[in-house]
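*Asks:* How does the following fold in three dimensions:
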Amino acid sequence: MVKQELRDLEKKMTHSVEHFRKSLSKLRTGRANINIFEDIKVDYYGAKTPINQVATLAIPDPTLITVKPYDSSMIEDIEKSIRAADLGLNPINEGEILKVPIPPLDEERRKEIAKRIGGMMEEEKTALRNMRRDSKEMIEEMEKEKEITEDDKYWGYDKLQELLDKFYQKVEDMAKAKEKEILGM
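*Replies:* Numbers count the residues shown, from 1 in each chain. Predicted coordinates for the structure are as follows:
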């Protein structure tokens with residue numbers, strides 16, 4: 001029973017860390033990255049639709065993203081959505097295609113993003129600790145109900161801590177790598 005709880009916890013933590021990785025990939029680094037558009041929605045005939053479902057996104061060079069709408073009448077709506085996303089990007093409308101230059105980050109903006117990464121890392125660590133706490137409570141409940149022995153409980157506690165340490169390390173490594181990318185070290 002404890003092993004099943006540990007497997008469930010590992011799945012939850014894996015899912016949470018994957019979400020953290022995706023969140024990091026959306027941060028603007030000064031280089032073209034299509035992931036920064038992942039959360040942008042465009043009003044497409046009354047429905048909020050992800051930008052990648054109404055246009056083709058491409059990276060012709062490291063400082064430029066092109067957006068080619070499937071329906072050319074959508075170009076102005078897409079342009080408004082990109083501007084409204086508050087990414088600090090100014091698309092250039094060339095009729096059939098939008099060119100979105102990715103400006104280099106200044107030092108102040110780099111430090112601001114690095115600080116944000118630290119905050120995101122702490123939030124992820126808190127989420128992981130909460131998951132561990134919930135599993136610990138489940139194990140305590142199993143012992144209280146005489147479903148497991150006291151030895152099983154303490155073995156489970158040790159394994160919970162090992163899982164937490166393993167996922168903490170993953171989160172810290174991801175955050176450090178992204179910070180290094182942002183700060184240009």
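*Asks:* Can you tell me which residue is spatially central in this structure?
*Replies:* With distances taken as C-alpha atoms, centre = their mean, residue 23 lies nearest the centre of the chain, 1.5 Å away.
*Asks:* A strand includes that one, no?
*Replies:* No - applying DSSP: H, G, I helix; E, B strand; the rest coil, one finds residue 23 to be helix, outside a strand.
*Asks:* dump the residue contacts of the nearest residue to it once chain neighbours are set aside.
*Replies:* Using C-beta to C-beta, 6 or more residues apart in numbering and skipping the chain neighbours, the partner closest in space to residue 23 is residue 120 (6.2 Å). No exception for glycine: its C-beta is placed from N, CA and C like everyone else's. With contact set as C-beta atoms under 8 Å, 6 or more residues apart in numbering, residue 120 has these partners: 20, 23, 24, 175.
*Asks:* how far away is the residue nearest to the centre of the chain from residue 176?
*Replies:* 15 Å (C-beta to C-beta, to the nearest Å).
*Asks:* And for residue 109?
*Replies:* For residue 109, the distance to residue 176 (C-beta to C-beta) stands at 19 Å.
*Asks:* low-scoring stretches of this structure, by residue?
*Replies:* For the chain, the stretches with pLDDT under 70 are 185.
*Asks:* mind giving me the domain ranges of it?
*Replies:* Structurally, the chain divides into domains by automatic domain parsing as follows: 2-26+106-183, 34-101.
*Asks:* What separates the first and last residues of the first one, distance-wise?
*Replies:* Read it as domain 2-26+106-183. Length of domain 2-26+106-183, first residue to last, C-alpha to C-alpha, to the nearest Å: 43 Å.
*Asks:* How far away from the center of its chain is it?
*Replies:* Here domain 2-26+106-183 shows a centroid-to-chain-centroid distance of 14 Å under the convention C-alpha atoms, centre = their mean, to the nearest Å.
*Asks:* Most remote residue from the middle of the protein, which is it?
*Replies:* Of all residues in the chain, residue 146 has its C-alpha farthest from the mean position, at 40.5 Å, by C-alpha atoms, centre = their mean.
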